[in-house]
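Colleague: Show me the folded form of this:
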Amino acid sequence: MASTDTQTATEQKRQADDTAGLEAGLDALESVEVRRTPLRQTLLQKVLPPILAVLLVVVVWQLLVTLKIVDDPTKLPAPSDVWGEVRESWLEGELLGYIWTSVSRGLLGFLLALAIGTPLGLLVARVKFVRAAIGPILSGLQSLPSVAWVPPAVIWLGLNNSMMYAVILLGAVPSIANGLVSGVDQVPPLFLRAGRTLGATGLKGAWHIVMPAALPGYVAGMKQGWAFSWRSLMAAEIIASSPDLGVGLGQLLENGRNASSMSMVFLAIILILVVGIAIDLLIFSPLERRILRGRGLLVKS
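Modeller: Residues are numbered from 1 along each chain as shown. Modelled structure (predicted):
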């Protein structure tokens, strides 16, 4: 009898030790040391590499011109010629106007696409009949080149901003909706059952359970939606030109082609790239890091 009591006490002590060890391990995982990254380390790891890459491209570009590997300035202008185009546009007060015309259209069109694509994605993800009916259409629209929508949009709506926004919507909405559908499909069923148990059903469940759990896929769809918005807008500005529309970056690119000015063409291409990269770095990358960090997938160091 005493032996049995001793064995039982030993077993209970072992279980208590295991539980204490498990709790200590979990506490260690949760207590991640958070410290500010030194400025020098940030400059070396995040700022310096892209600067060096850009400098390397400029050096190779200049060598191609200096060594006359490409000796036709109408095909490859020197970097100084493109810089002269930038300086001239700035002094004439037109450079910021080119950028703002396209950026304002692109952001407004993207916000409209977000307002349409989000409820559409939730509807497709949560209603089987809607997914069977609309899901393949969304996938097909996502694979359709956005430039294909420019001619019908011009015929339907004319040469105006409404045509531009229509092209953006047709290019971006399928990507946003499909991204949200993919995110919802990856939500663990346990979350949904727990939400229903707590009374989170219908719109309440979608807002408090589904959307937060589907955020990584949703943000990926948003990033792709912005890329489609920007490309759709550039295609529309290149093809459809009118004095009422103003001069955006796409129209600047087309003006350079019409004038056979490669320096203007390169200026437009560089500005299009800079705006696309800036929007990603300022909006989507911080948002994505914050979401991943909140899920313990990205440790702030």
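Colleague: What residues of stretch 259-274 count as buried?
Modeller: Residues of stretch 259-274 classed as buried by neighbour count (16 or more other CB atoms under 10 Å): Ser261, Met262, Ser263, Met264, Val265, Phe266, Leu267, Ala268, Leu271, Ile272. Every C-beta, even on glycine, is put in place using the N, C-alpha and C of the backbone.
Colleague: Just the ones in helices from the residues you listed, please.
Modeller: Of the buried residues of stretch 259-274, the ones assigned to helices by DSSP state H are Met262, Ser263, Met264, Val265, Phe266, Leu267, Ala268, Leu271, Ile272.
Colleague: Could you measure from the fourth one over to Ala172?
Modeller: Going from Val265 to Ala172 by CB to CB, to the nearest Å gives 26 Å.
Colleague: Would you mind confirming that Ala268 is in contact with Arg257?
Modeller: No. In this structure Ala268 lies outside contact range of Arg257 using CB atoms under 8 Å: 9.3 Å.
Colleague: Where does the residue positioned nearest the centre of the chain fall, secondary structure wise?
Modeller: Nearest to the mean C-alpha position of the chain, by CA atoms, centre = their mean, lies Lys223 at 1.9 Å. Here Lys223, judged by DSSP states H and E, is contained in helix 215-239.
Colleague: Kindly tell me how buried Phe129 is, as a neighbour count.
Modeller: Phe129 is flanked by 7 other residues according to other CB atoms under 10 Å.
Colleague: Where does it fall, secondary structure wise?
Modeller: Using DSSP H and E, Phe129 sits in helix 128-143.
Colleague: Equivalent analysis for Trp100, please.
Modeller: helix 95-126.
Colleague: helices or strands next to that helix in the packing?
Modeller: Applying 3 or more CB pairs under 8 Å, 6 or more residues apart in numbering; DSSP states H and E, we find helix 95-126 packed against helix 79-91, helix 128-143, helix 161-185, helix 215-239, helix 249-258, helix 262-279.
Colleague: I'd guessed Met164 sits against Asp244; true?
Modeller: No. The criterion here is CB under 8 Å, and Met164 misses it with Asp244 at 11.3 Å.
Colleague: which one of those two has more residues nearby?
Modeller: Of the pair Met164 and Asp244, Met164 is the one with more neighbours under other CB under 10 Å, namely 26 against 8.
Colleague: residues in contact with that one?
Modeller: With contact set as CB atoms under 8 Å, 6 or more residues apart in numbering, Met164 has these partners: Arg105, Gly109, Leu233, Ala236, Glu237, Ala240, Leu245.
Colleague: pLDDT below threshold where in this structure?
Modeller: Across the chain, the ranges flagged by pLDDT under 70 are 1-37, 39, 42-43, 200-204, 206, 296-301.
Colleague: at 80 instead, please
Modeller: For the chain, applying pLDDT under 80 flags the ranges 1-50, 70-74, 187-213, 241-244, 292-301.
Colleague: Around Ser182, count how many other residues there are.
Modeller: Neighbourhood size, Ser182 [other CB under 10 Å]: 17.
Colleague: how close does it sit to Ser175?
Modeller: 11 Å.
Colleague: Now the common contact residues for the two.
Modeller: Counting by CB under 8 Å, 6+ apart, the residues touching both Ser182 and Ser175 are Gly221.
Colleague: Which of the three states applies to Pro73?
Modeller: coil (DSSP: H, G, I helix; E, B strand; the rest coil).
Colleague: any idea how far Ile270 is from it?
Modeller: Using CB to CB, Pro73 is found at 17 Å from Ile270.
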